[in-house]
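fold the stuff below for me.
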Amino acid sequence: MKPGEFSIHAHGEDDRKTVVLTGDLDIASASILQGTVAELCSEGARELVLDLSRLGFIDSTGLHAVLTCCSVCHEHRCELSMIPGPREVQRVFELTHLVERLPFRESGVAR
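As a prediction, this is how the structure comes out:
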C-alpha cells in the first residue's frame, strides 16, 4: 500500500463490527467510508466502532463523512463509538470542536 492510500476493513461479529480506516480520509475516500457504514447498518449491525488510529490524514470532506456516518448509525439505531486517530488527525477534530460532540473512546476500553 502506498503512503496515504486509503483502505477500510470491517471485522467482528454479525451485529458488532469494528471498521478500521488506514491512510487518508479525504474527498477521494469519504464515499467509501459512508457506503461501508450504510451497508453494515442495513445488514443489521447494532454496534459499530470506527477505528481512526491508522489514519494519516483527514480533511473537511473526511470530517463530513464521519458526521454522516453518525447520522446513518443513529437512523438505524446502531450505537457508534470511535477510537481516536493519531495526534495530527485528532487535532482536526479538536480544532473543529467535534471531539466534544462525537463518541470518542479509548482504544482498549469496551463500551
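
hey, which helix is longest across the protein?
The longest helix of the chain (DSSP state H) is helix 60-75.

please save the CA atoms from that one in PDB.
Taking Å, rounded to 0.1, in the frame of the first residue of the first chain, the C-alpha atoms of helix 60-75 are listed here in PDB:
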ATOM      1  CA  SER A  60     -13.100  18.600   5.700                       C
ATOM      2  CA  THR A  61     -14.700  16.000   3.400                       C
ATOM      3  CA  GLY A  62     -13.500  13.300   5.700                       C
ATOM      4  CA  LEU A  63     -15.000  15.100   8.700                       C
ATOM      5  CA  HIS A  64     -18.300  15.400   6.800                       C
ATOM      6  CA  ALA A  65     -18.200  11.600   6.100                       C
ATOM      7  CA  VAL A  66     -17.700  10.900   9.800                       C
ATOM      8  CA  LEU A  67     -20.600  13.100  10.700                       C
ATOM      9  CA  THR A  68     -22.700  11.400   8.000                       C
ATOM     10  CA  CYS A  69     -21.800   8.000   9.500                       C
ATOM     11  CA  CYS A  70     -23.000   9.200  12.900                       C
ATOM     12  CA  SER A  71     -26.400  10.200  11.300                       C
ATOM     13  CA  VAL A  72     -26.700   6.900   9.500                       C
ATOM     14  CA  CYS A  73     -26.000   4.900  12.600                       C
ATOM     15  CA  HIS A  74     -28.500   7.000  14.600                       C
ATOM     16  CA  GLU A  75     -31.200   6.400  11.900                       C
END
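
show me what whichever helix or strand comes after it is packed up against.
Scanning forward in sequence from helix 60-75 by DSSP states H and E, the next helix or strand is strand 79-83. Helices and strands touching strand 79-83, as assessed by 3 or more Cβ pairs under 8 Å, 6 or more residues apart in numbering; DSSP states H and E, comprise strand 47-58, helix 60-75. C-betas here are computed from N, CA, C, even on glycine.
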